[in-house]
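J.: A structural model of the following input is requested.
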Amino acid sequence: MTNSAVRPDPTVDRFNADPIRSFTMAASLYTDPDVAERERDAIFANSWQWVGHASDVAEAGNYFTASIAGERIFVIRDTEGELRAFFNVCLHRGHSLLEGSGKLDGLITCPYHAWVYESTGALKGARMSERMPDFDVADFRLGDVAVENFCGFIFVHLGEAPEAMDTCYPGLSEAVSALHQNPDTLSLARDSTFDIAGNWKNVGDNLLECYHCHPTHKDFVDLIDMSAYRNDTFERWSIQTGPASTGNGVYEVTSGAAGFTSAFAWPNISFGQLPGHRGIFIFHFVPTGPETTRQRVAYYSPDGEENHVEEAAFDYFNNVLGPEDVALVENVQIGLRSQAYHQGKFICIPDRPEISEHAVHHFQSMVVEALETD
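T.: Numbers count the residues shown, from 1 in each chain. As a prediction, the model looks like this:
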């Protein structure tokens with residue numbers, strides 16, 4: 001019997017650029033509130049963030065609001081039909097200009113003091129300002145936010161001059177377009193939200209590998225032919241694919257996609273399909289605290305409806321696959337706080353892409369890089 005304690009040394013970092021040699025990121029990166037604060041600026045305010053779909057702003061005057069890295073923004077289709085995004089803050093006293101979503105007549109009126117802006121962001125007028133010397137409406141143009149329609153989905157970036165998404169994610173648009181030829185024409189058929197007691201990176205780690213699938217997702221490995229499963233990484237994105245098994249017992253795939261796809265884009269979204277989908281399935285996860293995450297799953301179909309196969313697919317995710325993953329992530333989050341855990345070891349096996357964790361290492365490398373350059 002011994003009284004000497006065996007504990008990992010938290011001052012030693014064995015993360016390595018080589019995934020085969022690398023240990024995982026330090027547990028403190030998943031629990032430390034200071035890290036979460038740094039990530040808000042280094043990652044979420046410095047990356048393309050999904051906020052909606054082209055169908056949400058299909059007509060002039062359509063708008064919707066969102067929150068990114070603590071900033072309120074809104075996206076609008078201006079009177080000329082151009083897609084625009086702005087910080088959602090009146091330049092008089094800082095009140096939000098818009099709430100929720102809707103359609104305007106081309107003018108944006110602050111509900112606090114009724115300053116009026118055009119849909120281009122220009123200040124049209126401020127009550128009683130004509131009595132103020134040297135008041136110039138040109139001094140009060142709304143702050144622009146970079147916005148893109150990327151394969152039918154609306155993304156914003158809080159940086160002042162970000163790279164275009166095609167430059168940031170070379171090859172991703174082709175992978176997403178392969179899921180549906182005209183993604184702009186899709187519309188929301190169904191969505192759901194999971195509130196998870198786990199750090200957002202913990203959710204990402206779980207998303208990006210199928211090493212855990214055989215032990216924990218019995219239905220998934222029945223649904224998908226794992227012998228043909230692949231997991232490939234590219235610049236700032238990765239993709240997992242696998243054909244549906246014939247005669248699976250999860251749900252009958254009689255139409256739509258013949259397999260599974262999940263195309264992850266840094267830092268927190270995946271475009272995908274479950275077998276039977278005609279459209280595109282979005283998996284999006286954002287931190288709500290240092291150790292909490294809100295995960296949204298949304299299915300966009302060609303007619304804004306689900307057929308019986310798609311309904312079965314979403315029910316499977318909502319009631320089986322999703323809850324299984326939430327339970328795994330929440331259990332891991334408890335373990336990450338243990339004094340007995342510091343860093344794990346990646347299982348990266350190039351000739352076994354169905355189980356290799358190289359995409360998790362790829363994701364964690366981008367996290368480490370973002371925090372080191374912060």
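J.: buried ones in stretch 135-146?
T.: 140, 142, 145-146 (16 or more other C-beta atoms under 10 Å). The C-beta positions use only the backbone N, C-alpha and C, and glycine is treated the same way.
J.: same deal with stretch 184-193?
T.: By 16+ other C-beta under 10 Å, the buried positions in stretch 184-193 come out as 186-190.
J.: who's in contact with it?
T.: 53-55, 149, 151-152, 180, 279-280, 294-306, 310, 314, 318, 322 (C-beta atoms under 8 Å, 6 or more residues apart in numbering).
J.: What subset of those residues is buried?
T.: Among the contacts of stretch 184-193, those that count as buried by neighbour count (16+ other C-beta under 10 Å) are 53-55, 151-152, 180, 279-280, 294-295, 297-301, 306, 310, 314, 322.
J.: Which ones among those residues map onto strands?
T.: Counted as lying in strands by DSSP state E, out of these, are 53, 280, 294-295, 297-301.
J.: Please report how far residue 330 lies from residue 198.
T.: According to C-beta to C-beta, to the nearest Å, residue 330 and residue 198 sit 5 Å apart.
J.: When these two are compared, which one has more neighbours?
T.: More neighbours surround residue 198 than the other of residue 330 and residue 198, with 26 against 15 (other C-beta atoms under 10 Å).
J.: give me the number of residues near residue 131?
T.: Neighbour number of residue 131 under other C-beta under 10 Å is 7.
J.: State the distance from it to residue 368.
T.: As judged by C-beta to C-beta, residue 131 and residue 368 stand 56 Å apart.
J.: Pull out the buried positions in the helix-or-strand element of the chain with minimal mean pLDDT.
T.: Of all helical and strand segments in the chain, the minimum by mean pLDDT, DSSP states H and E falls on strand 123-125, at a mean of 94. By neighbour count with 16+ other C-beta under 10 Å, strand 123-125 contains the buried residues residue 123.
J.: Who are the packing partners of that strand?
T.: Counting contacts by 3 or more C-beta pairs under 8 Å, 6 or more residues apart in numbering; DSSP states H and E, strand 123-125 packs against strand 116-118.
J.: those strands in the stretch 151-300 of the chain, which residues are they?
T.: Along the stretch 151-300 of the chain, the segments classed as strands by DSSP state E, counting those that start in this stretch run 153-157, 187-196, 230-234, 237-243, 259-265, 269-273, 280-289, 292-301.
J.: Okay, now the sheet partners of the fifth one, with direction.
T.: When pairing is defined by DSSP bridges, strand 259-265 lines up against strand 237-243 (antiparallel), strand 269-273 (antiparallel).
J.: just the second one next, same as before
T.: For strand 187-196, sheet partners with direction are given as strand 292-301 (antiparallel), following DSSP bridges.
J.: tilt between the partner strand and strand 280-289?
T.: On the basis of axes from the mean of the first three to the mean of the last three C-alpha atoms, to 10 degrees, strand 292-301 is oriented at 160 degrees to strand 280-289.
J.: can the buried residues of stretch 135-146 go into CSV with extra columns for secondary structure, pLDDT and distance to residue 242?
T.: Below are those laid out as CSV (DSSP: H, G, I helix; E, B strand; the rest coil; pLDDT from 0 to 100; distance: C-beta to C-beta, whole Å):
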residue, secondary structure, pLDDT, distance to residue 242
140, helix, 95, 53
142, coil, 97, 46
145, coil, 98, 37
146, strand, 98, 35
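J.: Go through those residues and name the one nearest residue 346.
T.: Set against residue 346, the nearest of the buried residues of stretch 135-146 by C-beta to C-beta is residue 146 (34.3 Å).
J.: Contacts only, for the closest one.
T.: Contact analysis of residue 146 by C-beta under 8 Å, 6+ apart lists 85, 156-159, 161-162.
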